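**Q** would you be able to build a 3D model of this:
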Amino acid sequence: MRTNPESGSLAFSVWVLALLFAGVSSLWLVLPFVPRGRKAMRLARVWARGFLILTGCRLRVCGVEHLRNEACAVLVANHTSVVDPLVLIAGIPADYRFVLNHSAARLPFVRLMVRKAGHLVVDRTSARSRAACGRAMIESLEAGTSLLLFPEGTLGTGEVLPFKAGAFRAAVSAGRPVIPIAIEGTRRILPRGSRMLARSPIEMRILPAIRSKGEVEAALRLRDEAEAAIAGALEKPCYTGASTGTRP
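**A** So this is what the prediction gives:
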């Protein structure tokens, strides 16, 4: 993606915040009456897509067929903005569960989504929490539920940060493939530390699955291959052809 974003503006920031407040308020009223599981995620997906359309931040998704080819996988994405989770919810048509940092899960609305959709929560500062989450991840994968993580473990500043190995250990233990996802454009909407929002197109590239054969070193190999795949995808335009679409 090489499109220049608009400059941040107060008017656009106020518009986005108003949409966010209205949308979250509506979901807050509706979610308690929605059955737990897939229906809660589908509702969130509809809301996220509508939100992006109303903000004018056009989302382009490439490589959806890589998800359709896998019944269950570990999805890993780069992370440069707090907007990334919303973009992933809007752009990924498959069923999955997030693995969230406990600090994000403290927010009341996020806590409600965790309870209704069944997302997993981990405190990365606690060895006990990491171990418990690791077991829960393997159990979810073995039960056929895909997981989505940010393996950098924190917000990056543009370049892809070194990936942590936890997601890849779970993939190897459960015998599931890893699907890398490269996100570009969200950092221009809300850069880390910025006080103003700017309208920008967003591009999501869902890359081919990476598999292991279950060797001892397989998790680290998966980690390195996924990190390299995402970093490489961010350096070139979205590919074109029959597998490319403008909407997920």
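
**Q** which positions within the longest helix along the chain qualify as buried?
**A** The helix that spans the most residues within the chain, counting by DSSP state H, is helix 10-30. Applying a neighbour-count criterion of 16 or more other CB atoms under 10 Å, one finds F12, S13, W15, V16, L27 buried in helix 10-30. Just so you know, the C-beta spots here come from the backbone N, C-alpha and C atoms, and that holds for glycine as well.

**Q** please report how far the second one lies from H79.
**A** Relative to H79, S13 is positioned 22 Å away (criterion: CB to CB, to the nearest Å).

**Q** where do the strands sit along the chain?
**A** 59-62, 74-77, 96-101, 120-122, 146-149, 178-184, 202-206, 244-245 (DSSP state E).

**Q** each with direction, which strands does the fifth one pair with?
**A** Think strand 146-149. Take DSSP bridges as the rule and strand 146-149 pairs in its sheet with strand 74-77 (parallel), strand 96-101 (parallel).

**Q** who touches the longest one?
**A** Pointing back at strand 96-101 there. Contact with strand 96-101 is made by 41, 75, 85, 110, 114, 117-124, 133, 137, 140, 145-149, 167, as judged by CB atoms under 8 Å, 6 or more residues apart in numbering.

**Q** which of those residues count as buried?
**A** When the contacts of strand 96-101 are checked for burial by 16+ other CB under 10 Å, the buried set is 41, 75, 85, 110, 114, 117-122, 133, 137, 140, 145-149, 167.

**Q** how about the residue lying closest to G56 once chain neighbours are set aside, phi and psi?
**A** Distances taken as CB to CB, 6 or more residues apart in numbering place R199 nearest to G56, at 5.2 Å, with adjacent residues excluded. Dihedral pair for R199: phi -80, psi 130, per degrees, to the nearest 10.

**Q** shouldn't R199 be in contact with L190?
**A** No. R199 is beyond contact range of L190, at 11.0 Å (criterion: CB atoms under 8 Å).

**Q** neighbour-wise, which of these two wins?
**A** L190 (21 against 18; other CB atoms under 10 Å).

**Q** mind checking pLDDT for that one?
**A** L190 is assigned a predicted lDDT (pLDDT) of 78.

**Q** now do S7
**A** 55.

**Q** same check, this time on L155
**A** For L155, the predicted pLDDT is 80.

**Q** I'd say A136 and G118 touch.
**A** No. The criterion here is CB under 8 Å, and A136 misses it with G118 at 10.3 Å.

**Q** quick one: low-confidence ranges for this structure?
**A** The chain contains residues with pLDDT under 70 at 1-8, 191-194, 214-216, 237-248.

**Q** what about 50?
**A** 1-5, 240-248 (pLDDT under 50).

**Q** show me the contacts for N78.
**A** Neighbours of N78 in contact, by CB under 8 Å, 6+ apart: D84, F150, E152, G156, V160, I181, A182, I183, I230, L234.

**Q** please apply the same query to R124.
**A** Here R124 is in contact with N101, H102, R130, G153 (CB under 8 Å, 6+ apart).

**Q** may I ask which two of the residues you listed are separated the most?
**A** H102 and G153 (12.6 Å; CB to CB).

**Q** residues near R49, how many?
**A** 17.

**Q** same check, this time on G185
**A** 22.
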